[in-house]
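Enquirer: Sequence and predicted structure, then a few things I'm wondering about:
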Amino acid sequence: MKNDSKERSPEKKKQGVSRRAFLRGAGMTTAGTVALASGMLSFKPAEPAPAKTALMGPGETEVSLTVNGQQRTLWIEPRTTLADALREHLHLTGTKVVCDRGSCSACTVWVDGTPVNSCMTLAVDVDGREVTTVEGLAKDGELHPVQEAFIEHDASMCGFCTPGMVMSCAGLLERNPNPSLDDVKLATSGNLCRCGTYPKVFDATLAAAKKMK
Amino acid sequence: MANPNKKKIVLPVAPDTEAHGPVKHLYSKKVKLPYGVPGHNLTEMEREVSIDEPPALPINEKLNVLGKRTKRVDAIYKVTGAAKYTADIQLPGMLFGKFLRSPHPHAIIKSLDVSAARRYPGVRAVHVLLMEPGGSVERDSGHDAPAETYNMDQLPRLRYVGQPIAAVAAESQYIANEAVKLIKVEYETKPFVLELDKARKKGAPIVFEEVIEDGGNEGDVGVKAADEQKGNLRGPTTGSFLGGPRGDVEKGFAEADFVLEKEYRTQVQTHCCLETHGVVADWQPDLLTVYASTQNTAGVRDDLAELFGLPKSKVRVITEYMGGGFGSKFGAGHFGVMATMLSKKAGRPVKLMLDREEEHLSAGNRPNSHQMLKMGFRNDGKITAIDLTSYGTAGVGLGAGVGRVAQDMYECPNFRTAQYDVFTHAGPGAAFRAPGNVQGVFALEQMIDEAAERLGMDPVKYRDLIDKHEVRKIQRMKGAEAFGWKYKKPGSDPGPIKRGFGMAQGHWTRFINLNSSATVRINKDGSVAIMSSVQDIGTGTKTILAQVVAEELGLMAEDITVKIGDTLYPDGPGSGGSVTAGSITPAVRNAAYKAKMELLGQVAGAWDVELSDLDMKNGEVFSKTDSSKKMSFGEATKKMRTNQVMATASRPDDYGGFEIGNGIGYGRLGSVQFAEVLVDTETGFIKVERVVAAHSCGRPLNPLQVESQINGGVIMGIGYALYEDRILDLNTGYQVNANLEQYKLPYSKEIPQIETVLIEHYGAFSSTDASGIGEPANIPTAGAIANAVYNAIGVRLYELPLTPQKVLAALGVS
């Protein structure tokens, strides 16, 4: 979690750990299982995990991932969560950490298009994958319809839960363009908002769905 | 360095009850202002005000920007992740802090050794909290005593699990977390007491041997002076800033046709702010800059200036975005002082944000309550006497009173109260959205409901009879209409799942903070900025300020840049007690008016017309008499002689003066809420189906945001009524649910259909005539739900939260 950590090029590699082999084998399924067990998000690993073991750490290791369409390579400690990698290393602080244990969904990002709790996902587990954060949701300077509707319907108050809410709701519309109120409630059932924006989050998401048709 | 324990904590809702006398003006003028509720009793009120005051604003219907549903000006930064909160601040060279906290509810530290932590690679500073003689709670002494080991004479006694002991600052959060575990501590544990009832008993372990000096958060009734502390009891408080006991309660009960006497209990609720308490402190030789997640930037500055012996001009506190406070984020806090100390020692910025567990343990809570309420009623409905005794614990803090609703909501000639604070070995309470009043309404409004039933009256009609509050009468009427209120016999549904309807009312003092100032700056390029230290804690302050200035200058809200939450600017109020809108918006309007007059004066000179002939509207500056003379706002500002015109104004006295001192306005903010619930009598499960919330906040400046605030108050009230409960392990003093999955909160599936009914009410109090809504929105909800649950099952519940177990127990189902 070094504040001034820089992305380093692969040739600066300090260790010879076979990361890719490890990444396929570890962590991802654990994170997915935990997320499912806590009833927050259905998170499926994109491919089955072959049983391979490798040692990593305690020093830094290399992770390459696509974040908001850009290829990024990081040298981070293996224990670094995706949330911390985004916030502390890539300075993408839109993703918020609130409970740090998968019970509030403030840290929701998409991995290969599926919403996940980034505080429950190790950064090494998303090596080679595509991550979308709230900063990457707008395309070519145009807000996602969910973002527009959130503004229109006053669905953000203090705003700390908002990035997670937006990612959950936009994620819903990506997989279900025609949601009911209950669908929206289910999609946000893991997102905690203490200010009480829920009614307007529901309105905004349903309005965005209409607009996207 | 000053002793912080000698200083009273900054009180979020401390009313200014001192009479300074009204400000005198050399010249005054008479203005006629809208007065009353449009559609009901709207009329005009003439007030004599300073000659500097802007002209009277008409009712919202006749305005362009105010009163219109206006998009939150900073929403775009929130939905795109661009908004930077304290937790997001990253400064070059920034270190990360971590606290060592007490694992025991009551212990003495026999020895403490920081040498291993100090030597740990990456650690840059260590600081140990030292004891102050006569000190009380956990506020950092700020004393610097660099040493490797400390003895028990130097260290404070530990009085709750989570009490801060020391902290480290390191190159990363991981390193800080590891290093803090290397601090070696030898504890001598002592007997402790956690429960309200046990702490009151003889022989209970005593929390404070010495009398403590904290002001607490007052629980909105006031905390009894230090000399009234015996054992773990402090008090009783027998009145509030609205006065003391009145009449003769015994005589009142003798005159009653029937007397109701019941006991009510409410639980400890934690704030659960999504952004935890914390700061980033950057100690530089010429300026201390602190990014703080606070409801009061100016208060944090004042605390730190005093504690570190700095002039206020050398402390800058910034809160651009803030992730929720609900009353708990006032003052520098132990984390603010600690981060500043670590930054001073390390010579680098230090980020110190509490983690989720620390947030539950040490960052405040709503104290619990045990209320014994006795009321006398006549058969004509009249209340003859109210007698309220209460005990509550704010842990090691103070402020467990249950508010003023019993004292002030209904007319009753005979009133008496005794409200006690009880110390326990638990984390300190803090102000929490309508401190005391939410607890008080749960009891009072259930008893009023019982009385109505006893009298054979509809609860709404009964309140019409005993409630003299004019606006609330309209709220009841409009609310009942929207709800489709129809009295239903309690427990009359067939089948296991029973539907119930209930209502309750709230009552909140209209607090004003005169220490509310702002600058409005109009630049030559036509841009306009507002500057004040007032912060937007999610309530929408930035947006309403933009609207106020836009209305005055004939622009749109999005044309105005709002720079607030920075103590470089004029001091704004702390955001608590629902004071913000009513305090800062008149200051901002008056500053905008002054700047506008300056600009128009320069244009009038250029056009050679009278200043009084000019006005601004729809983005134009124009002559009222010569239609050929007009230009856009941007063209007009080009005519300015200087690059900007600027004006600063402060909140003037309420038009017509104050009811008490300089902080309590006339009139109360009433609220009425109606709830519909379903109760499954086989499982005990309660579901809130629908809430209609009827409210008023003076002139509503932005109904879109007012609705959001009301939704928030209702949802928080649902959490309080049904789910939330801080549970302490009686064997260890730990909170077993110091997280967000076992501390139950309303999530999306628990959200009912919420309808808000907003009553526009003009009181002719100020140049904007606005009031806050945060507190009133939260006060009646739990009471309304409790009454609805009774209506559903025909059995009354007297203890919060209304869990399935309690429902089943009340129904006699085992």
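Expert: Yes, it's here. Numbering: from 1, shown residues only, chains lettered A, B, ... in the order given.

Enquirer: Chain B - how does it break down into domains?
Expert: Here the domain assignment for chain B is B:57-84+B:515-650, B:89-190+B:274-324+B:329-362, based on automatic domain parsing.

Enquirer: looking at those, which one has the lowest mean pLDDT?
Expert: Comparing mean pLDDT across those, the weakest is domain B:89-190+B:274-324+B:329-362, with a mean of 91.

Enquirer: roughly how far is that one from the heart of the chain?
Expert: Chain-centre distance of domain B:89-190+B:274-324+B:329-362: 25 Å, with CA atoms, centre = their mean, to the nearest Å.

Enquirer: which residue does chain A bring closest to chain B?
Expert: The minimum distance from chain A to chain B, using CB to the nearest CB, falls at residue A:94 (1.8 Å). For every residue, glycine as well, the C-beta is placed using N, CA and C.

Enquirer: So residue B:508 belongs to a helix, correct?
Expert: No. Going by DSSP: H, G, I helix; E, B strand; the rest coil, the assignment for residue B:508 is strand, not a helix.

Enquirer: next SSE after the helix or strand harbouring residue B:522?
Expert: Secondary structure from DSSP states H and E places residue B:522 in strand B:517-523. Per DSSP H and E, the first helix or strand lying C-terminal to strand B:517-523 is strand B:528-532.

Enquirer: Run the contact check for the helix or strand that comes right after that following strand versus chain A.
Expert: Using DSSP H and E, the helix or strand that follows strand B:528-532 in sequence is helix B:541-553. No. Counting by CB under 8 Å from any CB of the partner chain, chain A has no neighbours in helix B:541-553; the shortest distance is 9.4 Å.

Enquirer: Skipping adjacent residues, who's closest to the residue of chain A closest to chain B in space?
Expert: residue B:81 (1.8 Å; CB to CB, 6 or more residues apart in numbering or on different chains).

Enquirer: cool, and residue B:695?
Expert: Per CB to CB, 6+ apart, closest to residue B:695 is residue B:671, 4.9 Å.

Enquirer: can you check residue B:245 too?
Expert: residue B:416 (4.6 Å).

Enquirer: List the residues that contact the one you found.
Expert: With contacts defined as CB atoms under 8 Å, 6 or more residues apart in numbering or on different chains, residue B:416 is in contact with B:238, B:245, B:249, B:385-388.

Enquirer: So it versus chain A, what's the distance?
Expert: 36 Å (CB to the nearest CB, to the nearest Å).

Enquirer: ok and the strand holding residue B:522 relative to strand B:528-532, angle-wise?
Expert: 160 degrees (axes from the mean of the first three to the mean of the last three CA atoms, to 10 degrees).

Enquirer: Check the secondary structure at the residue of chain A closest to chain B for me.
Expert: Residue A:94 is classified as coil under three-state DSSP.

Enquirer: Please apply the same query to residue B:448.
Expert: Following three-state DSSP, residue B:448 is assigned to helix.

Enquirer: What number of residues are in the vicinity of it?
Expert: By the measure other CB atoms under 10 Å in any protein chain shown, the count of residues near residue B:448 is 27.

Enquirer: May I ask you to confirm that it is in contact with residue B:455?
Expert: No. Using CB atoms under 8 Å, residue B:448 makes no contact with residue B:455, being 10.4 Å away.

Enquirer: Could you tell me which residues touch both of these two?
Expert: Taking CB under 8 Å, 6+ apart as the contact rule, residue B:448 and residue B:455 both touch residue B:462.

Enquirer: ok so, going back, does the residue nearest to residue A:94 lie in a helix or a strand, and which?
Expert: For residue B:81, there is no host helix or strand (DSSP H and E).

Enquirer: wouldn't it be in contact with residue A:92 here?
Expert: Yes. Between residue B:81 and residue A:92 there is a contact at 7.3 Å, judged by CB under 8 Å.

Enquirer: ok, what's across the strand from residue B:237?
Expert: Beta bridges link residue B:237 to residue B:419 when assigned by DSSP bridges.

Enquirer: Report pLDDT for it.
Expert: pLDDT, read off for residue B:237, is 91.

Enquirer: what do you get for residue A:29?
Expert: So residue A:29 comes in at 36 (pLDDT).

Enquirer: Next: residue B:25.
Expert: pLDDT, residue B:25: 81.

Enquirer: got the contact list for it?
Expert: Applying CB under 8 Å, 6+ apart, the residues near residue B:25 are B:50-52.

Enquirer: and those residues, which are buried?
Expert: B:50, B:52 (16 or more other CB atoms under 10 Å in any protein chain shown).

Enquirer: Of all the residues in the stretch 701-814 of chain B, which one is nearest chain A?
Expert: Relative to chain A, the nearest point of the stretch 701-814 of chain B is residue B:712 (3.1 Å; CB to the nearest CB).

Enquirer: Tell me the residue of chain B that sits nearest chain A?
Expert: Counting by CB to the nearest CB, chain B gets nearest chain A through residue B:81, at 1.8 Å.

Enquirer: Phi and psi next, for that residue.
Expert: Note on residue B:81: its backbone torsions stand at phi 80, psi 10 [degrees, to the nearest 10].

Enquirer: does the residue nearest to residue B:245 count as helix, strand or coil?
Expert: Put simply, residue B:416 is strand when judged by three-state DSSP.

Enquirer: The residue nearest to residue B:695 pairs with what?
Expert: When bridges are called by DSSP bridges, residue B:671 pairs up with residue B:506, residue B:695.

Enquirer: Surely it touches residue B:505?
Expert: Yes. Counting by CB under 8 Å, residue B:671 does reach residue B:505; the two are 6.7 Å apart.

Enquirer: okay, the two: which has more neighbours?
Expert: More neighbours surround residue B:671 than the other of residue B:671 and residue B:505, with 32 against 27 (other CB under 10 Å).

Enquirer: pLDDT at the closest residue to residue B:364 other than its chain neighbours, what is it?
Expert: In space, and not counting its chain neighbours, residue B:364 is closest to residue B:430: 2.7 Å by CB to CB, 6+ apart. On the pLDDT scale, residue B:430 is placed at 92.

Enquirer: Neighbours of the closest residue to residue B:639 other than its chain neighbours, how many?
Expert: Closest residue in space to residue B:639, ignoring its immediate chain neighbours: residue B:606 at 4.9 Å, by CB to CB, 6+ apart. By other CB under 10 Å, the residues close to residue B:606 number 13.

Enquirer: Could you do residue A:213 as well?
Expert: 6.

Enquirer: Next: residue B:510.
Expert: Neighbours of residue B:510 (other CB under 10 Å): 24.

Enquirer: how about it, what does it touch?
Expert: Residue B:510 neighbours (CB under 8 Å, 6+ apart): B:582, B:664-669, B:765, B:771.

Enquirer: wait, what's in contact with the residue lying closest to it once chain neighbours are set aside?
Expert: Residue nearest to residue B:510 in three dimensions, not counting chain neighbours: residue B:665, with 4.0 Å by CB to CB, 6+ apart. With contact taken as CB under 8 Å, 6+ apart, residue B:665 is in contact with B:510-512, B:582, B:654, B:658-659, B:763, B:765.

Enquirer: So which residues of chain A form strands?
Expert: Taking DSSP state E to define them, one finds strands in chain A at A:61-67, A:70-76, A:108-111, A:114-117, A:130-132.

Enquirer: re the thing from before, tell me the spacing between the residue of chain B closest to chain A and residue B:569.
Expert: Distance of residue B:81 to residue B:569, computed by CB to CB, to the nearest Å: 26 Å.

Enquirer: Looking at these two, which has the bigger crowd around it?
Expert: A direct count of neighbours by other CB under 10 Å for residue B:81 and residue B:569 places residue B:81 higher, at 25 against 21.

Enquirer: which residues sit in contact with residue B:669?
Expert: B:506-510, B:578, B:696-697, B:771-773, B:775-776.

Enquirer: Any buried residues in the helix or strand containing it, and which?
Expert: Here residue B:669, judged by DSSP H and E, is contained in strand B:664-680. The neighbour-count check on strand B:664-680 (16+ other CB under 10 Å) flags B:664-665, B:667-680 as buried.
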